[in-house]
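Enquirer: Take this sequence and fold it.
(chains A and B)
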Amino acid sequence: MKIIVCVKQVPDTSGKVAVNPDGTLNRASMAAITNPDDLNAVEAALALKEQTGAEVVVVSMGPPPAEGMLREVIARGADRAVLVSGREFGGSDTYATSQILASAISKIGVESEDIVMCGRQAIDGDTAQVGPQIAEKLGLPQVSYAAEIKKDGDTLTIKRMLEDGYMTIKVKTPCLITCIKELNTPRYMSVDGIFECYSKPYEVFDYNTLKDDPLIDPTTIGLKGSPTNILTSFTPPQKGAGMMLEGADKETCEKLAGILAAKHII
Amino acid sequence: MDFHLTREQEMVRKMYREFAETEVKPLAEEIDEEERFPMETVEKMGKLGMMGIYFPKQYGGAGGDVLSYAMCVEELAKVCGTTAVIVSAHTSLCCAPIFEHGTEEQKMKYLPDLLSGKKIGAFGLTEPNAGTDASGQQTTAVLDGDHYVLNGSKCFITNGTVAETFVVFAMTDTKLGNHGISAFIVEKSFPGFSVGKHEKKMGIRGSSTCDLIFEDCIVPKENLLGKEGQGFKIAMMTLDGGRIGIASQALGLGEGAVNEAIKYTQERIQFKKRLSQFQNTQFQLADMHTRMQAAQYLVYAAAMKKQNHEPYSMDAAMAKLFAAEAASDVTRRAVQLFGGYGYTREYPVERMMRDAKITEIYEGTSEVQRMVISSHLGVK
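Expert: Numbering: from 1, shown residues only, chains lettered A, B, ... in the order given. Okay, the predicted model is just below:
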């Protein structure tokens, strides 16, 4: 059994977001981190590895320095890593990226008992499109927004967290799952994991590695093959701190109703 | 000397920093206030390999290096002096002498549990009448068939109440002075061993410090560490390594205080200006940072020499002397920059100042470090 986890190196948007004059993110001026939701996917994979002995393969598309991030995921407990990297892939939007990643995942191989895992969405684009698109390209059943995963044989019972409630779904492997932060708390890298991570298997898939795959069509990958055009990007204005009312007594409720009425909300 | 960190060292520092900020910093005030040993943190550190950083994997260690160990103590001390000394005393004073002087059987028996953090280690050298003058040991060990019988007591033992494995020193021949001292591995469960009173301390208050009492304590013969009469040498070699740990603790405490002072002086307004806009603040912080940076070079140099099996006794003494005095000075200056707020327990700098003081005292006072350094210089 194998669990393939997709991870992405993203600029840390928890501080100030820097935008280039052309509207794209100024990645150079922001610290690079592993996308937080992806670490929940990694943790879910490592937990299943402890339960089943599965091999955990981590895959990322990005420039060569993304190796550091992949080694860090190995230091957390993954078995090996694949970096998908090439000039031909640069500038890909979610549509092109999912084609390239689907091709790389096919090359790694998805067997009948395997699972592909992704974070729900990356904090740089916030689209939540790549995971589901990979599933479509690979013809895998997909379960998004996983907040709980239980495995019994070839059946996974997954609790999805939606805006208005939970939905529990049963799915058979092979499948793709996108994970949310409520699923788990990612473990730290371990000292022994760190001192071993550069000796674990690491491969780079470039354009030549993948070019024979029908998904790798020059017209649907890279900047030219990306249908998305960014019109404008900006840092949203900071929201105010809001107002907190505490208590369930009549006085507080009346105060709340008064405030809402004054704002014509009720 | 090349101070560039390897990519593994960079990565491990990042991990320590995340761990310290997330798991250690939130408990620092509470464990100080309540004088509570943070066992839950030790369990987490054990799982992450932080209780056996530079020991080989064959004994259950993490396979790292001495500098990565020093950085661990440093990063922990930036937010909590107590947690830092727990790792330092366990690693340098118990795991290290067993690894460096133990037989293969002793290493296989004791190291896996210690290095994985399942058991905590401690070191018993100091006695009421043998502090800086460690040669004045009064605890005795008498061979009786297949075991030694230990009698006496130890004091100020870091990790004492929580440790299960101790490296203990006792006189096997009182006529031979230093050459009559021997080292033993003592388990908490050995008959005749008990733990005495818990010290109430000025700083590192979450760390457990207590007396050890030996009343006809039975220690199997095979638990002699090294040979009879080698105890003093083992103790001094162990303290050389321990000084790297305490120097790292002092380094982290000073750096942590600088970080807090930079943050605070950029927020605090007096005379319609941020404190950081006053030249006095700028000069103070420049001096504080410079002292800690110099300390870091000394500490890292000592750690790298130990890693490379080069003589490092004088380097460790210089690192501890300088880092400890720098930490005391820098944390005191940080309190001064905070003013009245710095004197309250609302901010961490008063705790850092209290924690820093001990680094000038334990594992060899600053005066002892000066003795070690001058003796290496041949000054008599």
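Enquirer: Excluding its own residues, what touches stretch B:270-277? List them.
Expert: Outside of stretch B:270-277, the residues within contact range by Cβ atoms under 8 Å, 6 or more residues apart in numbering or on different chains are B:262, B:264, B:265, B:266, B:267, B:268, B:269, B:281, B:282, B:285, B:337. Glycine gets a C-beta too; all of them are placed from N, C-alpha and C.
Enquirer: Can you list the buried residues in the lengthiest helix in chain B?
Expert: Among all segments of chain B classified by DSSP state H, the helix with the greatest residue count is helix B:231-265. The neighbour-count check on helix B:231-265 (16 or more other Cβ atoms under 10 Å in any protein chain shown) flags B:231-235, B:237-262, B:264-265 as buried.
Enquirer: Which one of the contacts of stretch B:270-277 sits in the busiest neighbourhood?
Expert: For the contacts of stretch B:270-277, the largest neighbour count, defined by other Cβ atoms under 10 Å in any protein chain shown, is 24 neighbours, found at residue B:337.
Enquirer: Could you list the contact residues of chain B toward chain A?
Expert: Of all the residues in chain B, those in contact range of chain A (Cβ under 8 Å from any Cβ of the partner chain) are B:7-8, B:11-12, B:14-15, B:18-19, B:47-50, B:53, B:57, B:61-64, B:68, B:72.
Enquirer: Quick one, which of these are buried?
Expert: Neighbour-count burial within those applies to B:8, B:11-12, B:14-15, B:19, B:48-50, B:53, B:61-64, B:68, B:72; the criterion is 16+ other Cβ under 10 Å.
Enquirer: Max pairwise distance over these: which two?
Expert: Using Cβ to Cβ, those span at most 20.5 Å, a distance reached by B:14 and B:61.
Enquirer: tell me which element residue A:145 is part of?
Expert: Taking DSSP states H and E as the criterion, the element that holds residue A:145 is strand A:142-152.
Enquirer: For that strand, give me every contacting residue.
Expert: Where contact means Cβ under 8 Å, 6+ apart, the residues beyond strand A:142-152 that reach it are A:44, A:48, A:51-52, A:120, A:128, A:131-132, A:135-136, A:156-162, A:166, A:169, A:171, A:175-180, A:182-183.
Enquirer: Quick check: buried residues in that strand?
Expert: Within strand A:142-152, the residues that qualify as buried are A:142, A:143, A:144, A:145, A:146, A:147, A:149, A:151, counting by 16+ other Cβ under 10 Å.
Enquirer: Kindly report the same for stretch A:106-115.
Expert: Using 16+ other Cβ under 10 Å, the residues of stretch A:106-115 that count as buried are A:107, A:108, A:110, A:114, A:115.
Enquirer: Can you name the residues that contact the residue of the stretch 201-350 of chain B found nearest chain A?
Expert: Of the residues in the stretch 201-350 of chain B, the one nearest chain A is residue B:307, at a distance of 13.0 Å by Cβ to the nearest Cβ. Under the criterion of Cβ under 8 Å, 6+ apart, the contact partners of residue B:307 comprise B:54, B:65, B:66, B:67.
Enquirer: Can you flag the buried ones in the residues you listed?
Expert: With neighbours counted using 16+ other Cβ under 10 Å, these contain these buried positions: B:54, B:65, B:66, B:67.
Enquirer: Of those residues, just say which sits nearest to chain A.
Expert: Of all these, the one with the least separation from chain A (Cβ to the nearest Cβ) is residue B:65, at 8.2 Å.
Enquirer: Now do residue 122: how many residues are near it, please.
Expert: By default, I'm working from chain A. Residue crowding around residue A:122 was assessed by other Cβ under 10 Å; the count is 26.
Enquirer: my bad, the chain I had in mind was chain B
Expert: 28.
Enquirer: Would you map the strands across chain A?
Expert: Across chain A, reading from the start of the chain, the strands by DSSP state E fall at A:2-6, A:9-11, A:32-34, A:55-61, A:80-84, A:115-119, A:142-152, A:155-162, A:165-172, A:175-179, A:202-205.
Enquirer: now the helices for chain B?
Expert: Secondary structure of chain B by DSSP H: the helices cover B:7-19, B:25-34, B:39-47, B:66-79, B:81-88, B:96-101, B:104-115, B:231-265, B:279-307, B:313-338, B:349-358, B:366-376.
Enquirer: Any chance of a markdown table for those helices, columns mean pLDDT?
Expert: Listed next are these as a markdown table, based on pLDDT from 0 to 100:
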| stretch | mean pLDDT |
| --- | --- |
| helix B:7-19 | 97 |
| helix B:25-34 | 98 |
| helix B:39-47 | 98 |
| helix B:66-79 | 98 |
| helix B:81-88 | 98 |
| helix B:96-101 | 98 |
| helix B:104-115 | 98 |
| helix B:231-265 | 97 |
| helix B:279-307 | 98 |
| helix B:313-338 | 98 |
| helix B:349-358 | 98 |
| helix B:366-376 | 97 |
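Enquirer: Which part of the stretch 51-200 of chain B gets nearest to chain A, residue-wise?
Expert: For the stretch 51-200 of chain B and chain A, the shortest gap (Cβ to the nearest Cβ) falls at residue B:62, measuring 3.8 Å.
Enquirer: Contact partners for that residue?
Expert: Contacts for residue B:62 (Cβ under 8 Å, 6+ apart) come out as A:190, A:191, A:192, A:195, B:49, B:50, B:52, B:53, B:54, B:55, B:115.
Enquirer: quick one: low-confidence ranges for the stretch 151-266 of chain A?
Expert: Scanning the stretch 151-266 of chain A with the threshold set as pLDDT under 70 gives no residue ranges.
Enquirer: center of the chain - which residue?
Expert: All of this refers to chain A. Against the mean C-alpha coordinate of chain A, by Cα atoms, centre = their mean, the closest residue is residue A:119 at 2.7 Å.
Enquirer: I was thinking of chain B, sorry if that wasn't clear
Expert: Nearest to the centroid of the C-alpha atoms of chain B, with distances taken as Cα atoms, centre = their mean, sits residue B:88, at 3.6 Å.
Enquirer: Which residue, other than its chain neighbours, is closest to it?
Expert: Leaving aside its sequence neighbours, residue B:88 sits nearest to residue B:245 (Cβ to Cβ, 6 or more residues apart in numbering or on different chains; 3.3 Å).
Enquirer: same deal with residue B:312?
Expert: residue B:305 (3.8 Å).
Enquirer: and what of residue B:123?
Expert: residue B:93 (3.4 Å).
Enquirer: List the residues that contact the one you found.
Expert: By Cβ under 8 Å, 6+ apart, the contact set of residue B:93 is B:121, B:122, B:123, B:158, B:167, B:238, B:239, B:242, B:363.
Enquirer: now with 6 Å?
Expert: Taking Cβ atoms under 6 Å, 6 or more residues apart in numbering or on different chains, we find residue B:93 in contact with B:123, B:238, B:242.
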